[in-house]
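Visitor: this one's sequence-less:
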């Protein structure tokens, strides 16, 4: 179903407000939206890779999670949740479960624990066909350990391992398109989303992922004020600019069919998304205009490819 803001607000909160995430962090809105997609009568088992989300929501003996929670190592959130799902399926088959609640299996990981160090276990879990939903909160670097570059980091971003200076203007590689990579796993449902507008896009896609039988993957943009270096009050503005500039397209892939779920009405240059972020401030120094043009060309190329895949490029 599609949600409006009033419907979204009525859903029970599954992540308590007592977490310790930074003000202006994009991960808590993502998690809250995902968890609110659960049907109120259902129970969930959550696996979270080591990262900002894990260390700030579960500090023993305290937890911000209303559902069952498992802390996984950095590299194996996918393996952990698939193992729990397999055990649950075995108990259910043997009729030895001591609950009649419907249990769903959800994993969270940042881009470091998903695009890079956790990709092997994620890919394996998806290929084996476990009935799980994996959500990546993509903040585009290893934020928890000091803002090191990941394969999700955009080209020319200034990070602690790709510092922008006289020799190099930040990271030299374009970011990996993990959503497309996961679509090539031939999963029943893959999506890319953000906390945009009235939260309908992210919550609708989360519900589809959680309640579609089989392995599903959703990539969620989650800006980071520490690593992106923006004013914490500008979180939702950054989400909106990422979508409107087509830097972060909103789309889904159901049984191999691509569907763009939001098409911006106007063409907004990617510079509008880059400008509020101090990690890109060196791009706006006179003489570096060609670097922004290169990023724009890549954004345009990926958008046109997406239009082709959705049969909209006519």
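Guide: Thanks, I have it. Because the structure is predicted, anything quoted here is derived from the model rather than measured. Residues are numbered from 1 along each chain as shown.
Visitor: Show me the strands in the stretch 151-300 of the chain, by range?
Guide: Counting by DSSP state E, counting those that start in this stretch, the stretch 151-300 of the chain forms strands over residues 189-193, 216-221, 250-254, 257-262, given from the N-terminal end onward.
Visitor: can you tell me how far residue 305 sits from residue 249?
Guide: Distance of residue 305 to residue 249, given as Cβ to Cβ, to the nearest Å: 10 Å. From N, CA and C alone the C-beta is placed, and that goes for glycine too.
Visitor: Which one's more surrounded, these two?
Guide: Remark: of residue 305 and residue 249, residue 249 carries more neighbours, 23 against 13, as counted by other Cβ atoms under 10 Å.
Visitor: Helix or strand: which one has the closest residue to the more buried one other than its chain neighbours?
Guide: What sits nearest to residue 249 in space, not counting adjacent residues and going by Cβ to Cβ, 6 or more residues apart in numbering, is residue 306, at 5.6 Å. Residue 306 is located in helix 289-309, with elements delineated by DSSP states H and E.
Visitor: What residues sit buried inside that helix?
Guide: With burial defined by 16 or more other Cβ atoms under 10 Å, the residues of helix 289-309 counted as buried are 291-292, 295-296, 298-299, 302-303, 306-307, 309.
Visitor: Report the angle between that helix and strand 250-254.
Guide: For helix 289-309 and strand 250-254, the angle between their directions (axes from the mean of the first three to the mean of the last three Cα atoms, to 10 degrees) works out to 30 degrees.
Visitor: Could you list every helix and strand in contact with helix 289-309?
Guide: strand 257-262, helix 271-274 (3 or more Cβ pairs under 8 Å, 6 or more residues apart in numbering; DSSP states H and E).
Visitor: Could you pull up the mean pLDDT of the last one?
Guide: What helix 271-274 shows for mean pLDDT is 98.
Visitor: Check stretch 42-59 too.
Guide: For stretch 42-59, the mean per-residue pLDDT is 94.
Visitor: buried ones in it?
Guide: Here stretch 42-59 shows 44-54, 56-58 as buried, counting by 16+ other Cβ under 10 Å.
Visitor: same deal with stretch 245-252?
Guide: In terms of neighbour count (16+ other Cβ under 10 Å), stretch 245-252 has its buried residues at 245-252.
Visitor: Kindly report the same for stretch 57-71.
Guide: Along stretch 57-71, the positions that meet the burial threshold by neighbour count (16+ other Cβ under 10 Å) are 57-58, 63-67, 69-71.
Visitor: Pick out the most distant pair among those residues.
Guide: When those are compared pair by pair using Cβ to Cβ, the two farthest from each other are 66 and 71, 16.0 Å apart.
Visitor: Distance across stretch 239-258, terminal residue to terminal residue?
Guide: Distance across stretch 239-258, first residue to last, is 22 Å (Cα to Cα, to the nearest Å).
Visitor: quick one: contacts of it?
Guide: Defining contact as Cβ atoms under 8 Å, 6 or more residues apart in numbering, one finds that stretch 239-258 is touched by 26, 179, 183, 186-197, 201, 205, 208, 221, 223, 259-262, 264, 266, 268-270, 272-273, 276, 299-300, 302-303, 306, 309-311.
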